[in-house]
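Student: Here is a sequence with its predicted model. Questions after.
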Amino acid sequence: MAKQNTERHTPMRPIRIPDDEWEALGEAVGDRNRARLIREYIRWHLRWPGNKQPERAPEQIGGPGITSKNEEQSA
């Protein structure tokens, strides 16, 4: 089991996420909010009391066959 660095922080959990998905998630929720969103999803998925399904991005960001807004504008 991973050791906690301090009483205030949760231990780090290495997970594998493809770069394109990680970057798109950062665009959708902000680079500093990715971990928060993942924790919210886990709590919702486990059906813990008082937890709601996390909000989704208002529009699709990236993904297979999707070009970025910058690529569309320069075309």
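Tutor: Done, it's in. Residues are numbered from 1 along each chain as shown.

Student: Remind me which helix or strand the residue minimising distance to the centre of the chain belongs to.
Tutor: Centroid-nearest residue in the chain, with Cα atoms, centre = their mean: residue 34, separated by 3.7 Å. In the assignment (DSSP states H and E), residue 34 maps to helix 34-45.

Student: Just the buried positions in that helix, please.
Tutor: For helix 34-45, burial by neighbour count (16 or more other Cβ atoms under 10 Å) applies to 37, 38, 40. To be clear about C-beta, it is placed using only N, CA and C from the backbone, and glycine gets the same treatment.

Student: ok, the residue nearest to the centre of the chain - contacts?
Tutor: Contacts of residue 34 were listed using Cβ atoms under 8 Å, 6 or more residues apart in numbering, and they are 22, 25, 26.

Student: Give me the phi and psi for the last one.
Tutor: Dihedral angles phi and psi of residue 26 (degrees, to the nearest 10) take the values phi -60, psi -40.

Student: and the gap between it and residue 33?
Tutor: Distance of residue 26 to residue 33, computed by Cβ to Cβ, to the nearest Å: 8 Å.

Student: Reformat the contacts of residue 34 as CSV; add neighbour count.
Tutor: Converted to CSV, the contacts of residue 34 look like this (neighbours: other Cβ atoms under 10 Å):
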residue, neighbour count
22, 13
25, 19
26, 14
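
Student: List just the nearest of those to residue 60.
Tutor: Ranked by distance to residue 60 (Cβ to Cβ), the contacts of residue 34 are led by residue 25 at 12.2 Å.

Student: Please name the nearest non-neighbouring residue to residue 41.
Tutor: residue 54 (5.4 Å; Cβ to Cβ, 6 or more residues apart in numbering).

Student: ok, now which ones touch that neighbour?
Tutor: 37, 40, 41, 44.

Student: Can you classify residue 64 as helix, strand or coil?
Tutor: The three-state assignment at residue 64 reads coil, by DSSP: H, G, I helix; E, B strand; the rest coil.
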